[in-house]
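**Q** What would the 3D arrangement of this be:
(chains A and B)
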Amino acid sequence: MTDESDDSRAVDEEITKAYRNLATERVPATVNESVMRRARAVQDRGYARLTYWLRPLAWAATIGLSLAVVLQLADIPDPESAAPVPRPGSAQSLPEDKAESPPLENRAASTARASDPAQTREALMRVKDSTVPQAVPARSQKFVASEIAEASTCTAEQVASPETWLDCILALEDDDRQEAAASERRRLAATFPEFQPTRN
Amino acid sequence: MTEFEATAGHVARSCGAASLAYAGGMDHSPDDCALMLRYADGDTLAFETLYARHNDALYRYLLRLCYHRPTAEDIFQETWGKIVKARKGYRPTARFRTWLFRIAHNCFIDHVRRNGRHAHDVELDPEAWCSEVEAPDVATERLLARRRLEKALMEIPAEQREAFLLHEEGGLAIDQIATVTGVDREAAKSRLRYAVRKLRVAIDEPGNTTEAP
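**A** Sure, this is the predicted structure:
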């Protein structure tokens, strides 16, 4: 309050008005520009300090990411070598199939036991149609043959081609080993689905 | 009044809207302290606003303090340079305008110490402000009044002139004038009174500006 009254008494309005009429100078544009340029430059310098590290950082990040992608690509297996790798446990896949469908196999076996070899073959083919849904790809036939040879009564040479395999089956039937013969027929049908047994 | 209220009042006076004596119609929001803090945070536009608000007043203050245009411009730029440099450490403990004029005052003192007594060779031309629409006799009378005031301002002691300029251009109260000039309140008050008295004499009685102490 004291300040305000002091101020109001200190300068009268007429002096103030006269001075305001007198003092109308403005800052020259060049000086304004100079000050503003300086004010902006200081801020830009701070930003420049940040951007000084921004470019090398961006390069490092790009190189790092590229390396990571390349290494990741190197880890992806080749499609050719991505074919099913033989596993020790998979050799028993067919017997597992057998275990999964005991009623059909039993039916086929009983049919084989009860009738002559021709009927047996027809019965077995029907069994094949119903129990072996998928054809084995051609490129894995060799592998499957050796696998089957390990688990079957017929030798590897016999299961190498469908004709010799059928001969083996017929020999088993002749020896009255119907169960083994039926099993071999199923395997034959599974391994060579396009093969039509013509010999009796 | 509690201590808290007193503190709050001080802060409001310090950082509130600038109470310029002759700045009617000026928009004061956001206040100077907020603008300065925003500039410290990297907002250049805040500085532009702040600068536009105070540049002309500071320039006129320095112009009539030095009465030498190039020197006034140098000190003006030096002052704003110091404001820019001090932005990071700025704390709104005082009114921005008081701080600004204190820096300008210190720059002026430094300049005088470095260069000795500064030259008074300003070419402020009162005739340049004559209005073309005024009648010749009115224009002449106004021109003469301006000349007398300008002459009186040049002739009064620099301390008194500075007190007057801080009051008129800075809109500073006597306490703030004392803060800026580094003297006690009574000294600032008497300087201002002597300055006004001499200017009054100069306006009322042409040619007589040296009778007061």
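**Q** by contact count, what packs against the helix or strand harbouring A:Met36?
**A** According to DSSP states H and E, A:Met36 maps onto helix A:29-75. Applying 3 or more Cβ pairs under 8 Å, 6 or more residues apart in numbering or on different chains; DSSP states H and E, one finds that helix A:29-75 contacts helix B:44-66, helix B:69-85. The way it works is simple: take the backbone N, C-alpha and C, and place the C-beta from them, glycine included.
**Q** Which stretches in chain B count as helices?
**A** In chain B, the helices defined using DSSP state H lie at B:3-15, B:32-40, B:44-66, B:69-85, B:96-115, B:136-155, B:158-168, B:174-181, B:185-204.
**Q** so which of the ones you listed gets nearest A:Tyr52?
**A** helix B:44-66 (19.7 Å; Cβ to Cβ).
**Q** Could you tell me how far that closest one lies from the centre of the chain?
**A** 9 Å (Cα atoms, centre = their mean, to the nearest Å).
**Q** Quick check: mean pLDDT of that helix?
**A** Averaged over helix B:44-66, pLDDT sits at 93.
**Q** Whether that helix contacts chain A - can you check?
**A** Yes. Using Cβ under 8 Å from any Cβ of the partner chain, we find that helix B:44-66 touches chain A at B:44, B:47-48, B:51, B:55-56, B:59-60, B:63-64.
**Q** CSV for those residues, including neighbour count?
**A** CSV is the format used below for the residues of helix B:44-66 next to chain A (neighbours: other Cβ atoms under 10 Å in any protein chain shown):
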residue, neighbour count
B:Thr44, 16
B:Phe47, 25
B:Glu48, 17
B:Tyr51, 20
B:Asn55, 18
B:Asp56, 16
B:Tyr59, 25
B:Arg60, 21
B:Leu63, 23
B:Arg64, 24
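**Q** pLDDT weak spots in chain B?
**A** B:1-29, B:117-136, B:205-213 (pLDDT under 70).
**Q** and with 80 instead?
**A** Within chain B, the segments meeting pLDDT under 80 span B:1-30, B:116-139, B:141-143, B:145, B:204-213.
**Q** what do you get for chain A?
**A** A:1-12, A:43-53, A:76-153, A:196-200.
**Q** cutoff 70 now
**A** In chain A, residues with pLDDT under 70: A:1-11, A:44-51, A:78-151, A:198-200.
**Q** quick one, helices of it?
**A** With DSSP H as the criterion, chain A has helices spanning A:2-10, A:13-22, A:29-75, A:93-100, A:102-114, A:117-131, A:141-151, A:156-159, A:162-174, A:178-191.
**Q** From the contact counts, what lies against the last one?
**A** The reference is to helix A:178-191. helix A:93-100, helix A:102-114, helix A:117-131, helix A:141-151, helix A:156-159, helix A:162-174.
**Q** In the last one, which residues are buried?
**A** Using 16 or more other Cβ atoms under 10 Å in any protein chain shown as the burial criterion, the residues of helix A:162-174 that qualify are A:162, A:165-166, A:168-170, A:172-173.
**Q** Next, count neighbours for residue 72.
**A** In the absence of a named chain, this looks at chain A. Using other Cβ atoms under 10 Å in any protein chain shown, the number of residues around A:Gln72 comes to 9.
**Q** Actually, chain B is the one I wanted.
**A** Neighbour tally, B:Ala72, other Cβ under 10 Å: 27.
**Q** and B:Val180, how far is that from B:Cys107?
**A** Distance of B:Val180 to B:Cys107, given as Cβ to Cβ, to the nearest Å: 12 Å.
**Q** more neighbours, these two?
**A** B:Val180 (24 against 20).
**Q** so how far is B:Cys33 from the closest residue to that one other than its chain neighbours?
**A** Nearest residue to B:Val180, sequence neighbours excluded (Cβ to Cβ, 6 or more residues apart in numbering or on different chains): B:Arg102, at 4.6 Å. Noted for B:Arg102: a distance of 15 Å to B:Cys33, by Cβ to Cβ.
**Q** Then B:Tyr59?
**A** Distance from B:Tyr59 to B:Cys33, by Cβ to Cβ: 22 Å.
**Q** In a markdown table, list the helices of chain B along with distance to A:Glu157.
**A** As requested, these are exported to a markdown table (distance: least, Cβ to Cβ, whole Å):
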| stretch | distance to A:Glu157 |
| --- | --- |
| helix B:3-15 | 102 |
| helix B:32-40 | 92 |
| helix B:44-66 | 90 |
| helix B:69-85 | 96 |
| helix B:96-115 | 104 |
| helix B:136-155 | 126 |
| helix B:158-168 | 117 |
| helix B:174-181 | 114 |
| helix B:185-204 | 122 |
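**Q** Deepest in the core, which of those is it.
**A** For the helices of chain B, average neighbour numbers computed from mean count of other Cβ atoms under 10 Å in any protein chain shown are highest in helix B:158-168, which has a mean of 24.
**Q** can you give me the angle that one makes with helix B:44-66?
**A** Relative orientation of helix B:158-168 and helix B:44-66, computed by axes from the mean of the first three to the mean of the last three Cα atoms, to 10 degrees: 140 degrees.
**Q** so does helix B:158-168 get close to chain A?
**A** Yes. Helix B:158-168 reaches chain A (Cβ under 8 Å from any Cβ) through B:164, B:167-168.
**Q** That helix: how far from the chain's middle?
**A** 7 Å.
**Q** Output it as PDB, nothing but the C-alphas.
**A** C-alpha atoms of helix B:158-168 as PDB (Å, rounded to 0.1, in the frame of the first residue of the first chain):
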ATOM      1  CA  ALA B 158      22.300   9.300 -14.600                       C
ATOM      2  CA  GLU B 159      21.100   7.800 -11.300                       C
ATOM      3  CA  GLN B 160      18.000   9.900 -11.300                       C
ATOM      4  CA  ARG B 161      17.400   9.300 -15.000                       C
ATOM      5  CA  GLU B 162      17.700   5.600 -14.400                       C
ATOM      6  CA  ALA B 163      15.200   5.600 -11.600                       C
ATOM      7  CA  PHE B 164      12.800   7.500 -13.800                       C
ATOM      8  CA  LEU B 165      13.300   5.100 -16.700                       C
ATOM      9  CA  LEU B 166      13.000   2.000 -14.600                       C
ATOM     10  CA  HIS B 167       9.700   3.400 -13.400                       C
ATOM     11  CA  GLU B 168       8.400   4.400 -16.800                       C
END
